[in-house]
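What follows is a predicted structure for the sequence shown.
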Amino acid sequence: MTNLNHIIDQVVKDKGIDRAILVEALESAVLSAANKKYRNTRDLEAHYNDEIGEVELFEFVTVVEEVQDSYKEIGLDEAREADPDVEIGDSLGMQLDSGSFSRIAAQTAKQVIIQKVREAEREWVYNEFKDRLGELVNGIVRRYERGDLIVDLGRAEALLPHREQVPRETYRQGDRVRAYIADVKLSPKGPQVILSRTHPGLVVELFKVEVPEISEGLVEIKACSREPGSRAKIAVVSHDPDIDPVGACVGMRGSRVQNVVSELRGEKIDIIPWTMDIGRFACAAIAPAEVTRVYVDSEEKALEIIVPDDQLSLAIGKKGQNVRLAARLTGWKIDIKSESRAEEAEAQEAAEAEGDLDVEGLDEAPALGEAEELLETPDSELLAEAGDASDADVEVVPEDRDKE
């Protein structure tokens, strides 16, 4: 058999597989081929000899007085020819010629080796990337498969699905791409690394690369909302009173934020100071529009923001984009109204409240008037009216009847 040390070293170098795993795969392959040749009738073991670079095959038989199974037993006299010190009941190992396998046996060994190498590669890929969720990686576009991009990460391939691609971004074979590791999952074909160019985490990680204060923990990105390829908003806060979080992210003459914008191919980014006061935070999040006042409903986590009439379209943004991003950034529902619309709504509510009071007064007035009129009418008039009502079966009792 050929010296395998050189082949093993080359595979270890190219595939990055542990040498012990590959040696075990070779031993397993030779043993599998030998069992197939001898039809599993013998007790065999395979061991790799590193000095000569070969897999040695050994057959083990038990020393007995009378042989009943020639494949697994050996007589004492025959055994002592190989080892003079052997006794009955001992297990004797004898080396076989591992190079005498048939072509089919050799092919079986090759298939087992290939399978072991693939399993080792898959295990390495999963172990390498399962703890790297949320990281940025650089790769080279290899090919398209049904709209999905296959990206070469060096020692592994990753998938950039069509749904995770920015619509206006296009790639060709050989292009470099930077993406966010969104998921690592096991599939029947092995572990699969899922990349994303649309995840908000991509913006966060790019700022970590460009802004040392973020990577050092002096500035923190509290929230991020994004519409990929169009616009993004990030909320930042400083843990050092001497550092302006917005200025740190913008950089000298906008250099830092411009690097992020370039990587995102022109996507606009709003950098907003974060605060625990939801009213103030919402006012900043709705920028560049100015805000007149804010009404906060803490139970419903809802905000009503009033803006000047000429700022309404700016606050809402194109197709509602600005207010939508602000709502995602704050995590609250946002309703925007212009000042005139808000005044009309307030006037209408006041009118409805006043109308309710008037209606209640009208319902009570006639009954109150009739009662007062009845109390002021003399008894004689009441008796006369009763007498005129001849058709009515009514008896009127005067107050002084008991005295007579």
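Yes, it's here.

Confirm for me that R197 is in contact with P167.
No - counting by C-beta atoms under 8 Å, R197 stays clear of P167, with 10.3 Å between them. Every residue, glycine included, has its C-beta placed from N, CA and C.

so what sits against both of those two?
P228 (C-beta atoms under 8 Å, 6 or more residues apart in numbering).

So if I had to pick from the two, which one is more boxed in?
Between R197 and P167, counted using other C-beta atoms under 10 Å, R197 has the larger neighbour count: 22 against 10.

where's that one relative to L136, distance?
11 Å (C-beta to C-beta, to the nearest Å).

ok, now D83?
From D83 across to L136, the span is 63 Å (C-beta to C-beta).

Just the residues contacting stretch 310-318, thanks.
So stretch 310-318 is contacted by 286, 288-291, 305, 307, 322-325, 336-338 (C-beta under 8 Å, 6+ apart).

now for those residues, which pair is the farthest apart?
Within the contacts of stretch 310-318, two members stand farthest from each other by C-beta to C-beta: L325 and S338, at 19.9 Å.

Which other helices and strands does the helix or strand harbouring K233 contact?
Counting by DSSP states H and E, the element that carries K233 is strand 231-238. In terms of contacts (3 or more C-beta pairs under 8 Å, 6 or more residues apart in numbering; DSSP states H and E), strand 231-238 is packed against helix 200-210, strand 219-227, helix 245-250, strand 268-273, helix 278-285, helix 321-330.

Give the buried residues for that strand.
Of the residues in strand 231-238, those buried by neighbour count under the rule 16 or more other C-beta atoms under 10 Å are 231-236, 238.

just stretch 290-303 next, same as before
Buried residues in stretch 290-303 (16+ other C-beta under 10 Å): 291, 294, 296, 303.

And stretch 28-47, by the same measure?
28-35, 37, 44, 46-47.

Per-residue pLDDT of S98, please?
S98 is assigned 67 on the pLDDT scale.

Excluding residues flanking it in the chain, which one is nearest A25?
K116 (3.2 Å; C-beta to C-beta, 6 or more residues apart in numbering).

Can you say which helix or strand has the one you found in it?
Using DSSP H and E, K116 falls in helix 103-129.

that older thread, check the buried residues of stretch 28-47 against I221 and report the nearest one.
Distances from I221 to the buried residues of stretch 28-47, taken by C-beta to C-beta, are shortest for S28, at 50.0 Å.

Could you grab the helix/strand/coil label for the closest one?
helix (DSSP: H, G, I helix; E, B strand; the rest coil).

Please tell me how far it sits from V55.
For S28, the distance to V55 - C-beta to C-beta - is 10 Å.
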